[in-house]
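Chemist: Build the 3D model from these lines:
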Amino acid sequence: MRNAAFGSVFSAMDTYKRCFILSLAFLMIFSENLGTSVSGFNGNKQIETMVEEVLDHSPHFSAGQGIHDMEGLEDDDWQMVERKGNQFVVNGQPFYVNGFNTYWLMVFAADQSTRGKVTELFQQASSVGLTVCRTWAFNDGQWRALQKSPSVYDEEVFKALDFVLSEAKKYKIRLILSLVNNWDAYGGKAQYVKWGKAAGLNLTSDDEFFSHPTLRSYYKAHVKAVLNRVNTFTNITYKDDPTIFAWEMMNEPRCTSDPSGDTLQSWISEMAVYVKSLDAKHLVEIGLEGFYGPSAPARTQFNPNSYATQVGTDFIRNHQTLGVDFASAHIYADSWISQTISDAHLQFTKSWMEAHIEDAEKYLGMPVIFAEFGVSAKDPGYNSSFRDALISTVYKTLLNSTKKGGSGAGSLLWQLFPDGTDYMDDGYAIILAKSPSTSNLISLHSTRLAIFNSMCSWKCHWGCRKKNALETILYLGYL
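Modeler: As a prediction, this is how the structure comes out:
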């Protein structure tokens, strides 16, 4: 797509061409969103022609070669994502994230009849400039289980996860790999408790996953198995693979049996240090939904409801734990506030995000990713225009942070599906081919972030006044 036509070419161009292309990119975004002519350019056609002329004379790219034809990039450019203060960086450049969730990739890759959907999804995601995918690195004791019983793995399913990693790298998409579920789907903590009971343990609550030493040891063994896995497609050990953006300790942990938060905090403290002891290279995050707890009573006003304070999580306290590199929060106004669609959902989304960005800056000194957000097509009053309004609200709020160098580091849509997988849809699925307006929104945001990710490394010699003017153009389309 045209709006995604700039990001990855930057590193391979010489400085002059990079600056010129970026300038034109700003003009394109400005004219496209405001319907105006800029500095003598009428519409995008003239701009695109000039871009093509520059690319035609580049030794690295031709006019017909888009941003997401990645074969020309060297492996040396594929480095680990790191954290520098409240920003992510790759090769010393900022890395703001526009990404997505597709949780079932490993299971689809385990079946030859559906494996092609994994490739199809990465192709489509890459075409709109998405750079990070969050997916499950667990399936415990279920159909197509990765872990059939504690420390007993199905090699074919592990090879399927290998395939997911190798395909992601082909399309320069990085993965956040979640290591266990709070919920029953794909096994979760309930399956660990079942295994414990089968081993003769006296367990009465699924929350004993967090506290019982044997269940903690089961989890640690799984972490070790995944991190030390050698990919059968690439021969790269997972803990050495830059394709992995981060390890997520658990999807949406809650411990309702201990609203004080002490039980979950103890588990986070032990497991974060353990993951880091095995792999000091990769970033680690918890997987929290972002609810405020007892450590910050003044912030509980931002919780979507009173129950959120009682689930045993504590956004600020949990993320101050040694070994945790960045914060996460999820956004589900239709689940947390009311199922019926209303503008109150958009207002909540904005205030929820701004509160977490502020806390990530003020108390945590780290980036925050809004790792799940979306709206269900099954909600009363739903239409695609509202979904676009929600996505725009998320993107706009992040750009407000980005332009200030704030902690708003990115977002991950819940969730992206390839065509022909409607039977898996939980109501939140976005199929790009069937959603042109949503696809355009995603692509435009990818372009903006790609430009911003390159700004800090520019060696152009324009003055501050010109640079500030271009930065203003970047945001006019949203703001």
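Chemist: any chance you could map the strands in the chain?
Modeler: 82-84, 87-90, 93-94, 97-101, 132-136, 147-149, 152-153, 174-178, 244-248, 283-285, 327-331, 368-373, 408-414 (DSSP state E).
Chemist: Listing partners with orientation, what would you give for the third one?
Modeler: Strand 93-94 sits in its sheet next to strand 87-90 (antiparallel), going by DSSP bridges.
Chemist: Show me what counts as buried in the strand it pairs with.
Modeler: Buried residues in strand 87-90, counted by 16 or more other Cβ atoms under 10 Å: 87-90. In this view, the C-beta of every residue, glycine as well, is placed from N, C-alpha and C.
Chemist: Any chance of the residues you listed in TSV with distance to E354 as columns?
Modeler: Shown next, in TSV, are these (distance: Cβ to Cβ, whole Å):
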residue	distance to E354
Q87	18
F88	20
V89	24
V90	26
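Chemist: Need the strands of the chain in a markdown table (columns: distance to S266 and mean pLDDT).
Modeler: Output for those, formatted as a markdown table (distance: least, Cβ to Cβ, whole Å; pLDDT from 0 to 100):
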| stretch | distance to S266 | mean pLDDT |
| --- | --- | --- |
| strand 82-84 | 24 | 97 |
| strand 87-90 | 28 | 96 |
| strand 93-94 | 35 | 94 |
| strand 97-101 | 28 | 98 |
| strand 132-136 | 25 | 98 |
| strand 147-149 | 23 | 98 |
| strand 152-153 | 27 | 98 |
| strand 174-178 | 20 | 99 |
| strand 244-248 | 19 | 98 |
| strand 283-285 | 17 | 98 |
| strand 327-331 | 19 | 98 |
| strand 368-373 | 23 | 98 |
| strand 408-414 | 27 | 98 |
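Chemist: Which of these sits closest to Y219?
Modeler: Among the strands of the chain, strand 147-149 comes nearest to Y219, with 10.4 Å by Cβ to Cβ.
Chemist: Check the offset of that closest one from the chain's centre.
Modeler: 27 Å (Cα atoms, centre = their mean, to the nearest Å).
Chemist: Next: stretch 98-108.
Modeler: Counting by Cα atoms, centre = their mean, stretch 98-108 is centred 10 Å from the centre of its parent chain.
Chemist: From start to finish, how long is stretch 300-310 in a straight line?
Modeler: Stretch 300-310 has an end-to-end distance of 11 Å (Cα to Cα, to the nearest Å).
Chemist: Any buried residues in that stretch, and which?
Modeler: 300, 302-304, 308-310.
Chemist: which pair in those spans the largest distance?
Modeler: Across these, the two lying at the largest distance from each other (Cβ to Cβ) are F302 and Q310, at 15.4 Å.
Chemist: before we move on, the earlier item: turn the strands of the chain into JSON lines, including distance to K194.
Modeler: Formatted as JSON lines, these follow (distance: least, Cβ to Cβ, whole Å):
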{"stretch": "strand 82-84", "distance to K194": "37"}
{"stretch": "strand 87-90", "distance to K194": "37"}
{"stretch": "strand 93-94", "distance to K194": "44"}
{"stretch": "strand 97-101", "distance to K194": "26"}
{"stretch": "strand 132-136", "distance to K194": "19"}
{"stretch": "strand 147-149", "distance to K194": "10"}
{"stretch": "strand 152-153", "distance to K194": "14"}
{"stretch": "strand 174-178", "distance to K194": "20"}
{"stretch": "strand 244-248", "distance to K194": "23"}
{"stretch": "strand 283-285", "distance to K194": "27"}
{"stretch": "strand 327-331", "distance to K194": "26"}
{"stretch": "strand 368-373", "distance to K194": "26"}
{"stretch": "strand 408-414", "distance to K194": "27"}
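Chemist: between those strands, which one is nearest to G196?
Modeler: strand 147-149 (11.4 Å).
Chemist: just the buried residues of strand 87-90 now: which is nearest E289?
Modeler: For the buried residues of strand 87-90, the minimum distance to E289 (Cβ to Cβ) is 20.9 Å, reached by F88.
Chemist: Touching, the closest one and P94? I think so.
Modeler: Yes. Counting by Cβ atoms under 8 Å, F88 does reach P94; the two are 7.0 Å apart.
Chemist: So what's the residue count around W267?
Modeler: 23 (other Cβ atoms under 10 Å).
Chemist: which residues touch it?
Modeler: Residues counted as contacts of W267 (Cβ atoms under 8 Å, 6 or more residues apart in numbering) are 210-211, 216, 253, 255.
Chemist: If you rank those residues by neighbours, which is first?
Modeler: F210 (28 neighbours).
Chemist: Any figure for the gap between Y186 and L441?
Modeler: Distance, Y186 to L441, by Cβ to Cβ, to the nearest Å: 30 Å.
Chemist: Please say which of these two ends up with more neighbours.
Modeler: Y186 (24 against 19).
Chemist: Give me the phi and psi for the more buried one.
Modeler: The phi/psi pair for Y186 (degrees, to the nearest 10) reads phi 60, psi 30.
Chemist: quick thing: my sequence starts at 18, can you match it?
Modeler: New numbering, starting at 18: the last item is Y203.
Chemist: how deep is the residue lying closest to it once chain neighbours are set aside tucked in, by neighbour count?
Modeler: Spatial nearest neighbour of Y203, chain neighbours left out: N156 (4.8 Å); criterion: Cβ to Cβ, 6 or more residues apart in numbering. Other residues lying near N156 total 25 when counted by other Cβ under 10 Å.
Chemist: Show the pLDDT at L122.
Modeler: Listed pLDDT for L122 reads 98.
Chemist: Spit out the contact partners of it.
Modeler: Neighbour list for L122: 135, 138, 150, 152-153, 181 [criterion: Cβ under 8 Å, 6+ apart].
Chemist: For G382, see how far away it is.
Modeler: Separation of L122 from G382 (Cβ to Cβ): 33 Å.
Chemist: Same check on L196?
Modeler: Taking Cβ to Cβ, one finds L196 at 25 Å from G382.
Chemist: Check I374 too.
Modeler: 13 Å.
Chemist: swap in D376?
Modeler: Distance from D376 to G382, by Cβ to Cβ: 10 Å.
Chemist: And these two? Which one has more around it.
Modeler: Here D376 and G382 are compared on neighbour count by other Cβ under 10 Å; more neighbours surround D376, at 22 against 13.
Chemist: Quick check: closest non-adjacent residue to that one.
Modeler: Closest to D376 by Cβ to Cβ, 6+ apart is I333, at 5.8 Å.
Chemist: and that neighbour, what does it touch?
Modeler: Contacts of I333 were listed using Cβ under 8 Å, 6+ apart, and they are 309-310, 312-313, 316, 376, 380-381.
Chemist: pLDDT value on it, please?
Modeler: 98.
Chemist: Would you map the helices across the stretch 318-467 of the chain?
Modeler: For the stretch 318-467 of the chain, the helices defined by DSSP state H, counting those that start in this stretch occupy 332-336, 350-353, 360-376, 401-419, 453-472.
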